[in-house]
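Engineer: No letters, just coordinates:
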DNA sequence: CATCTCAAGTTCCCTTAGGGAACTCCAATT
DNA sequence: AATTGGAGTTCCCTAAGGGAACTTGAGATG
């Protein structure tokens, strides 16, 4: 095995990387989320090699993140997010938050998010699912869980 | 240029990938966060090639995510998270949340997080920074921002 | 009916990057 | 003076990305 297989590690980060950790995969997901759902659209939008795009789409479909479905009687297909895939968009939003904060520079963020609930331009904030208070790097202790390696 | 340069795209996801999108980088960050701060520790914990680990550490230091600092009068160094790097741990926590939900299976999560504020085992939840309501894939509209490409 | 078009891939060649093992370097310790 | 041990370097091999050309299948066109 030449490229290390992250999927077998007892680590949810590694396992998640096994699904969307390869180069381009998050951008493919972003495109599908943003409405570029067809092969040609994604390929042109990203400038990705057709070979690699084929591999990434197949991989994402195999892992249940995207669904490939025909949109014509001709052999034409579009890719749509599954529930599992839509959940991954959370990850993209956090990436956007970090990139906007640390890398956007003078020009400001390339894309803005308007929240339906309040109508405001906003971003995501991480909260504890239990108490609702902020939850960041320094706010937690790590403990071995039931699925920990022996 | 053989590998496409994500850093120049007008997209905060692509720019973030330019910093931590290469294989192993998020796991290196996880290790530093978890207390594996030295070259040998990270190398042994991950089983990563020494060559690649050197490249990743240099890259993360260049991008201000890690700081390399001596811990001995001998030429010994440890890597520590900068503020920029600690902010990236948010991303790891969301990856963990997704992996725990969709990939952990019967065994359950390998690692648990105890939140200091409430003392409970918990996970992160994405909320609107403005109104505090949940903010996920379907809860927002995308708009071009000031840094959008021409 | 033969040809054209077009989305969705495949195939091929070239270059770069990851894996793995061995090697180097340097200061403290024995 | 020789040894140890952390922190990389170097080298070779294989796999994966880039890019361009080619294929396929079915509806549209003349």
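Structural biologist: It's in. Small disclaimer: the values here were computed from a predicted structure and weren't measured. Numbering: from 1, shown residues only, chains lettered A, B, ... in the order given.
Engineer: residue ranges with poor pLDDT in chain A?
Structural biologist: Scanning chain A for pLDDT under 70 picks out the ranges A:1-2, A:150.
Engineer: How are the strands of it distributed by residue range?
Structural biologist: Secondary structure of chain A (DSSP state E): strands at A:66-70, A:77-81, A:111-115, A:121-122, A:124-128, A:140-144.
Engineer: so which of those strands gets nearest DNA strand D?
Structural biologist: strand A:66-70 (10.3 Å; CB to the nearest atom of the strand). Using the backbone N, CA and C atoms, a C-beta is placed for each residue, glycine as well.
Engineer: picking up where we left off before, hey, which of the strands of chain A is tucked in deepest?
Structural biologist: Neighbour counts (mean count of other CB atoms under 10 Å in any protein chain shown) averaged over each of the strands of chain A peak at strand A:124-128, with a mean of 22.
Engineer: so where do the helices sit in chain A?
Structural biologist: Remark: helices assigned in chain A by DSSP state H are A:12-20, A:25-34, A:39-46, A:50-62, A:83-102.
Engineer: Of the ones you listed, flag the one that's most buried.
Structural biologist: helix A:12-20 comes out most buried of the helices of chain A by mean count of other CB under 10 Å, with a mean of 24.
Engineer: Briefly note if that one comes near DNA strand C.
Structural biologist: No: Helix A:12-20 stays clear of DNA strand C (CB under 7 Å from any atom of the strand), getting no nearer than 11.7 Å.
Engineer: Tell me how far residue A:104 lies from DNA strand D.
Structural biologist: 23 Å (CB to the nearest atom of the strand, to the nearest Å).
Engineer: That residue reaches residue B:14, doesn't it?
Structural biologist: No: counting by CB atoms under 8 Å, residue A:104 stays clear of residue B:14, with 11.8 Å between them.
Engineer: got the residues of chain A near DNA strand C?
Structural biologist: Close to DNA strand C, as judged by CB under 7 Å from any atom of the strand, chain A has residues A:1-4, A:38-41, A:50-51, A:54, A:57, A:68, A:71, A:75-78.
Engineer: For residue A:89, which non-adjacent residue is spatially closest?
Structural biologist: residue B:137 (3.7 Å; CB to CB, 6 or more residues apart in numbering or on different chains).
Engineer: Residue A:117 too?
Structural biologist: Nearest non-adjacent residue to residue A:117 (CB to CB, 6+ apart): residue B:133, at 4.2 Å.
Engineer: tally of neighbours for that neighbour?
Structural biologist: A count of nearby residues for residue B:133, using other CB atoms under 10 Å in any protein chain shown, gives 13.
Engineer: I'd like the distance between it and residue A:143.
Structural biologist: Taking CB to CB, to the nearest Å as the measure, residue B:133 falls 30 Å from residue A:143.
Engineer: cool, residue A:111 as well?
Structural biologist: 37 Å.
Engineer: Within range of DNA strand D, give me the residues from chain A.
Structural biologist: Residues of chain A lying near DNA strand D (CB under 7 Å from any atom of the strand): A:2-3, A:22-24, A:47-52, A:55, A:73-75.
Engineer: Just the buried ones among these, please.
Structural biologist: A:22-24, A:48, A:52 (16 or more other CB atoms under 10 Å in any protein chain shown).
Engineer: Pipe those residues into a markdown table and attach distance to residue B:94 per row.
Structural biologist: A markdown table is the format used below for these (distance: CB to CB, whole Å):
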| residue | distance to residue B:94 |
| --- | --- |
| A:22 | 18 |
| A:23 | 20 |
| A:24 | 20 |
| A:48 | 24 |
| A:52 | 25 |
